[in-house]
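Trainee: Here's a sequence, model it:
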Amino acid sequence: MIKKGTKLYSILFGCCPKCHSESMYITKNAYNLPETLKIHERCSTCNFKYRIEPSFFYGSMYVSYAVGVAFAVAAFIISFLFIGTGLLTSFVVIVATLIAFGPIIMRLSRNIWINLFINYDKDAVAKAKAS
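Mentor: From the prediction side, this is the model:
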């Protein structure tokens with residue numbers, strides 16, 4: 001089980017990187033396409049501002065590329081090497097995988113990006129209440 005307080009917990013569950021108490025996203029369902037990337041302005045628990053600066057999440061595009069490549073390589077290995085499909089079929093599987101997991105990849109990339117800069121603070125809630 002992934003422990004609360006680790007970066008992996010925040011990345012996989014999309015919660016506040018500072019306190020890990022609530023989801024950054026307005027809707028939990030990544031496949032609600034109009035709402036996929038909409039995030040709260042601030043964490044309601046620790047008052048952390050998610051958009052640290054204007055255009056902060058543009059950097060997550062670089063992470064998205066790497067995550068997309070990882071998904072594509074995994075799809076290729078599963079389809080071509082394990083199942084034994086041809087190259088054309090493997091290409092179709094890769095494209096289908098990237099389309100199917102697109103919203104997940106986008107959110108995962110944002111989660112990784114913000115967790116590169118923000119660390120978990122177990123006292124963040126107490127500090128926010130004291131302010």
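Trainee: And the next helix or strand past the stretch of helix or strand Ala70 belongs to?
Mentor: Take DSSP states H and E as the rule and Ala70 turns out to sit in helix 60-76. Next in sequence after helix 60-76, counting helices and strands by DSSP H and E, comes helix 87-100.
Trainee: what sits up against that following helix?
Mentor: Identification of contacts with helix 87-100 by CB atoms under 8 Å, 6 or more residues apart in numbering yields Gly68, Phe71, Ala72, Ala74, Ala75, Phe76, Ile78, Ser79, Phe80, Thr85, Ile105. The way it works is simple: take the backbone N, C-alpha and C, and place the C-beta from them, glycine included.
Trainee: again, but for stretch 66-73
Mentor: Identification of contacts with stretch 66-73 by CB under 8 Å, 6+ apart yields Ile94, Thr97, Leu98, Phe101, Ile105, Leu108, Ser109, Ile112.
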